[in-house]
Each structure stands twice: as structure tokens, then as C-alpha cells.
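1. my questions are about this predicted structure, shown below with the sequence.
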Amino acid sequence: MTTAVTYPLTMPDPTMPDTATPSAESPVRAVDARVVHACVVIALLGAACASGSLVARSSVAPSWLTETLAATCIGQLTLLACVGWLWASGRSQTAVGVVCGTAVIAVVWATVLLQGGLDPTGLGLIGASGTPVAVSAAVSVLAVLGGFLARRTAGAARLGGSLPRSAVWGVAAVVTGAALLLGRLDPWVAAAASVLAATAIMIAGETSSDRERDVRGHPSTATLFMVGAAVGVVGTAPATLAFIGDHSPDRLSIVAGSMQLAGPIFVIWTWVALLGACVGVVGAAMLATIRQRSLRAVSNAGALVVIGALTMLSRTATTINLVNDRRDGGDQFFYHVTANLLAQGRGFLNPVAWAQDGQAIPSALHGPAFPIVLSLWSRLGGTTYFDHQLVSVLLGIPQVVFGVMLAHHVAGRRAAIVAAVLLLAYPNIWVTDGSMWVEGMMAGITTAATWLMYRWHTSPRIGIVAWAGALIGAAALTRGEAVLMTVLLVLPLVATSELTRKKQFRHLAVCATAFIAVIAPWTIYNATRFDLLVPLSTNSNEVIYYANCPDSYYGPRIGFWSFACQERYRAEFGDPPGDESVRNQAYRDIGLEYARDNASQVPKVIVARVGRQWELFRPLQNADFGFVEGRPRDILRAGLGMYYVMMALAVAGTVALRRRKVPVWPLWSHAVMVTFTAVYAYGNLRFRAPFEPILCVMAAVGIVALFDRYRPQVLESDVPET
């Protein structure tokens, strides 16, 4: 594959030969681009159908549709037929890559599964679900031969000039539907019908009437990724299904060595297809990079897709192996149960009261954004704790992707590559995603808003600042302190811009309007439920009590928080009367009163809070406190060492950006917000989450700047003296 083609602005010289048109001796055959792309799309759909048949086969509550999918091999045969089609269309290298990639992945996963003694299909890894292995192998050969024959016959007969394309596609749909229906009768009949369906699909694609010739020697990025995704889904479907099933104990049972899944299967199939597609996309990008020996083998947008896929795979692996401790209490419990309550249409309730006594007590203890996103998955059937963990992994991808985009915008491609490595490797980021904390989602939104404001600084358009305001509003609905970004991020950039004062006010007004429009529905909703105004959450009041009590003012927990203080108060006095808004404001007043009574200790406590926030006060103890929140000590200590190094590199990156006249305040504004949060509440690693991707960006800029500065000296020192 090549990079994007840039066309000249002037007309070519007619006396010069047309080098873009292949000669008769050209080894590159002209191929209909639309036909090839249609073939690849069909292959991807066939792969999805194949993985769906595996999940359907493993379901203990089959329906006629799942039984039909499990009995047919239409997905696998369609993929193989499209491989034959690609070969016959002159894309032999792509076809060989699909076959080899599928074979390699299948062999690797087969070895893993056979060692574990678990077969999710119940029949064998190579055979199609519901079909004996021998039948599947024979029909696969027939499908490839049928693909060749169909393509040759259609090309010789020039069906595109005699039959409407829609008519042929209709015939293909009818044959495919017949294959699915006949699959309920007998696997042999289903296999034969699948061959006919695959053949009909190929004939339909060959009758494309628009001939847009593609003479490039490599497929486009989209085609490459779709082929890779199809390979990944087919090759990893059995193993991924076993992987998902092993971590869904609420839905899994093993009968005679075969996996049986209970409950909704759509969500499980989605995870199987998504993880398999990520494997295939990464593999396709690696293959293209090795083949062309260049990191520019894929476009910039394609590189972001690869980074997102790598993030999904790496975060899933770390979640399963390193941070998979289930949390049956605390904030994770709140998000998990609230999401399922929202999916049931019960609204935002106190999850503890609901779980213990079934009481429907309104609650706004945390912002609504994270539970709402989790509830979207719950509505599809993904109600387990593991489902919500994987959704939180998905929500952590934007901070990596937008962090790379931000680095590219402020410092170029090399800084973006280094930033991608740091964002993927930095433990303080990925440990948050897998632990199902809301901070990962917030960091992704604030990083996106920062990137937008840098774009606005380059090209001040009112639409960009409106989107930035909406994103900051969404971030505030995850954690309330994101409100500060309107003052720390947007206001300085707009106020120091070269716009006229009138335009500055207009842009600020649009940003504020978008921000208010996002948070207003939640604030109005709370006004109908509570006695006191709750703009974002009630937790911001209660946390003042946790952070202003004897345990957090004196002793080893100074500068931190203590739930034990509230427990002792409840044991002696009970909870204050009133609803959640009144009760938490009462706790706030108690905490503020304690701070006034111990005013001489407040400066010391604030210094300890800020020191904890920036790992300058008892950093190893912070790792122990993080373990209480479900974060392994060893990971936090590894993140601590990497944090110190990146902070030093961030200083170098800041200097480099200032020399290039790039504003650095939008980056460091996140640090100011994090510091304010520590002063207001307490010092905690989680609160630093919005700054972590920004830190990776500045460290990446520093690495590139230091490399450029000292590389000439190193090269000169290697030159021998004469």
C-alpha cells in the first residue's frame, strides 16, 4: 500500500508519456476498485457471521435464528470465496495474506485451546459450527473453485451489460436466505447451499457496471484493515469466545468439555468480533509496515485506528491479568449497579439501599455520564461486572487517541509516535481503565477538549469552541472539577487571541452556552428530586467531611481521606436527617467546622494534600492507599518511577514548545486543575488522571527535542580525527 496520492495543480504536458497508465507489459492488472472493495466488505460480513455462529452454538437458550447460524457455514465459505475472488481479480498478494494470516492465527489459538482442553464449538476449531469437520473442509475447497468459476463466467458473459446490478444482488440475497433456511434441515444441505450463496455473491459483485480502474500495487488503508479484521475475527473467534466465557462466570457452564453460555448472546458476540477485529487490524498494519519498510505504510487516520486497536487489546490484557479484582463496594459498585438500574428504567437510585432493602431512594452521589454509558451496554444485555469493565476499557481509548493527535498537532509526527508508546505503556493510565473508575473517561474528554482548543488557536472558528464547551460539560458530568476547564483552558486562549474584543465575547458566549446546554438537563432533573440545589453531584459536599476529620489531619493519613471518621460519627449520632442533598450538606458543614477548630493545622494539611497529589509526600504510601482502591502495589510503584522520569522530560518539552512559540498554558492548565482538586479535597493518584495523558504528550515532545539537540554532537564524536 502506498500513501495518499497528491495531484498537481497544473495540467500535465501532453507531450510527456502518461506514466500513470500501465502499458501492455505492465505486471499490474487493472482491477475494478468497487468490485474489490465490495468483495472485502462481504468477507468482513462473512467473518462476523462465522463468529456469530460460534456464539450461537455455545448458547444454552438457542432460537431458530441461532440454530440456523450454527448449522450453516455461510460465513466461513463466503470468506473463502472472496479469497478466491481476490486472487482471480489480480490481488493474489492480498489473497495469500488472508489465507496465511488466518492459518497462523488459527494454529496459535488452536494450540492454546487444546492445551486448556476447552472447545467452545464442541466440534473442532477448523470445522464450521454445526457441520462435521470433513464436510466443512470439502465444501471449503468447492467454495474456492466455485469462486474462480463464478468470476470467470461472469467476466466472459459480461453480465454487467445485460443484467441490472440490483437484480443480481437480489438473486444473491434469495440464495443466501435459502441457505440459512435449508441449514435447519441438514448440515450437508446447508454446506451445499452455502457454496451456492458464495457463488451468487461473487457473481453479483462482478456485475458492477461502473469501472473505476485502480492500478496501484497495494490496497487502500480501508481495504487493508477490513481484510485484516476479517482474518482476525475468523482466526481468533474460538479462542476469544473461550476468553470471554472464562471471565463471565455468571453466564458460563462447561458440559462435556464444551462451553455453554446462558443469557443474551449479542453482547458476547460483539466482544468476540471486536477483539478479533482489533487483532486483525494490528496484524494488517504490521504486515504493511514490514512490506513497505516504512511507518507511513498506513495513513494518519489509519494509524489512529491501529493505536485504538492496540489500546483495546493491551488494556483488556492488563485488566484480565493485573487489575481484575472485582470490587463489590465503593464507587465501582455504584457505577455497575446504577447502570443496570438505568437499563431497567428505574432512574438514578441509591444502589446500596436498592441492593439491601429494595428501596428506591434518589441519588446523585456521582455524575451521570459514566453510568449512562455503561447502561447503554446493559440495555443490550451486558449487565455483568466484566461487561462493564470492558466498556470502561473502551472509554479509556479516547485519551490515548486524542493524546496522539494532540502531540501531532503541537510537535509533529515523531512526537506523536513517541507519545503513542508512552500512552500505551504508562501504568498510571491503563490501571485506571481496567479498574472501572470514571477518571479514564474524564481524561479522554478533557484531552479531546484540549486538542480542539489548540485547533481553535490555529484556526479560530466558532464551531470548534462550541464543541470544546460541550466536551467540557460532558467532562463535568463525570467529575465536577472539570468545570474549571472553562476558566483555565478556554478563557486564556480566547482572551489572548488576535480576535477583536467583540468576537472574543461571542466565542466565549457560544462556549458557555454549549457547556450549560450539556449540564442543564441533569441539574434540572436533580431540582425535581432533592430539597437543595445539586448542580452536579452530592459527593462534593460529603468528601469535605472525609478530608477534614482527625484521621486526615493527624497521623499517617494526613492529607488523605478517611471513611472511618464518618463511620464513627454514624455510630454515635446517626446520619443527619433529610434527603441526600440535605444530609451531605450537613456532613460538609461538620467538616468545615472541624477545619475552623483546627485552623493551625490546615496549612500543613494542604501542603500534604498537594504533596500527595504530585508524589512529593510519602509516595510509597500512596501506592498502599491505591491498593485499597483495587490497584496493585507493584503496578503503582512502576508507574511512580515512570512518572518521575516523564516529569523531567515534560520540563524539556515545555521549553521546546515555548521556543517554537506554541502556547503551553493549555497543557499545564490540567496540572492547575488537579492541584486545586487536591487543595479542595485530598491528594489521590486518581485525581491526577486528566493530567496523565498531557504529561505523556509533553514528555514525548521533550524526548524528541533532546534527541534533536544531542544527536549532532553524538554524530560528530563518532567521526575520527584526521
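-> Yep, it's here. Numbers count the residues shown, from 1 in each chain.
2. how about the nearest residue to Gly611, chain neighbours excluded?
-> Take Gly611 and drop its neighbours on the chain: the residue closest to it by CB to CB, 6 or more residues apart in numbering is Phe617, 2.8 Å away. For glycine as for every other residue, the C-beta is placed from the backbone atoms N, C-alpha and C.
3. SS state for that neighbour?
-> Under the three-state scheme (DSSP: H, G, I helix; E, B strand; the rest coil), the conformation of Phe617 reads as coil.
4. hang on, it packs against Ile606?
-> No. Taking CB atoms under 8 Å as the definition, Phe617 is not a contact partner of Ile606, at 11.2 Å.
5. show me what contacts the spatially closest residue to Phe687 that is not a sequence neighbour?
-> Residue nearest to Phe687 in three dimensions, not counting chain neighbours: Thr677, with 4.8 Å by CB to CB, 6+ apart. The contact partners of Thr677, by CB atoms under 8 Å, 6 or more residues apart in numbering, come to 481, 613, 687.
6. now the residues you listed in CSV, with secondary structure and neighbour count?
-> What follows is the contacts of Thr677, written out as CSV (DSSP: H, G, I helix; E, B strand; the rest coil; neighbours: other CB atoms under 10 Å):
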residue, secondary structure, neighbour count
Glu481, helix, 20
Gln613, helix, 25
Phe687, helix, 23
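7. can you put these in TSV and add pLDDT?
-> Compiled in TSV, these are given as follows (pLDDT from 0 to 100):
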residue	pLDDT
Glu481	92
Gln613	94
Phe687	91
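8. ok, so of the residues you listed, who is nearest Gly232?
-> Closest to Gly232 out of the contacts of Thr677 is Phe687 (37.3 Å), distances taken as CB to CB.
9. for that closest one, give its distance to Thr675.
-> Using CB to CB, to the nearest Å, one obtains 9 Å as the distance from Phe687 to Thr675.
10. mutual contacts of the two, please.
-> Shared contacts of Phe687 and Thr675 (CB under 8 Å, 6+ apart): Gln613.
11. on that earlier part again, closest to Leu295 among the contacts of Thr677?
-> For Leu295, the closest of those turns out to be Phe687, at 35.6 Å, with distances computed as CB to CB.
12. show the contacting residues for the closest one.
-> For Phe687, the set of contacting residues under the criterion of CB under 8 Å, 6+ apart consists of 439, 481, 613, 674, 677-678, 681.
13. next: Leu667.
-> Listed by CB under 8 Å, 6+ apart, the contact set of Leu667 reads 450, 654, 657, 694, 697-698.
14. again, but for Phe225
-> Applying CB under 8 Å, 6+ apart to Phe225 gives the contacts 281, 284-285, 302, 305.
15. neighbour-wise, which one of those residues leads?
-> Neighbours were tallied for each of these (criterion: other CB atoms under 10 Å), and the maximum of 31 neighbours falls on Ala284.
16. the nearest residue to that residue once chain neighbours are set aside: neighbouring residues, count only.
-> Of all residues beyond its chain neighbours, the one nearest Ala284 is Gly228 (2.7 Å), with distances taken as CB to CB, 6+ apart. The local packing count at Gly228 equals 29, with neighbours defined by other CB under 10 Å.
17. ok, Gly228 to Glu593 distance?
-> In terms of CB to CB, Gly228 sits 62 Å off from Glu593.
18. host element of Gly626?
-> Counting by DSSP states H and E, the element that carries Gly626 is helix 619-628.
19. related to what we said a few turns ago, narrow the contacts of Leu667 to those in helices?
-> When helices are assigned by DSSP state H, the members of those inside them are 450, 654, 657, 694, 697-698.
20. format the contacts of Phe687 as a markdown table; extra columns: secondary structure.
-> A markdown table is the format used below for the contacts of Phe687 (three-state DSSP):
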| residue | secondary structure |
| --- | --- |
| Glu439 | helix |
| Glu481 | helix |
| Gln613 | helix |
| Val674 | helix |
| Thr677 | helix |
| Ala678 | helix |
| Ala681 | coil |
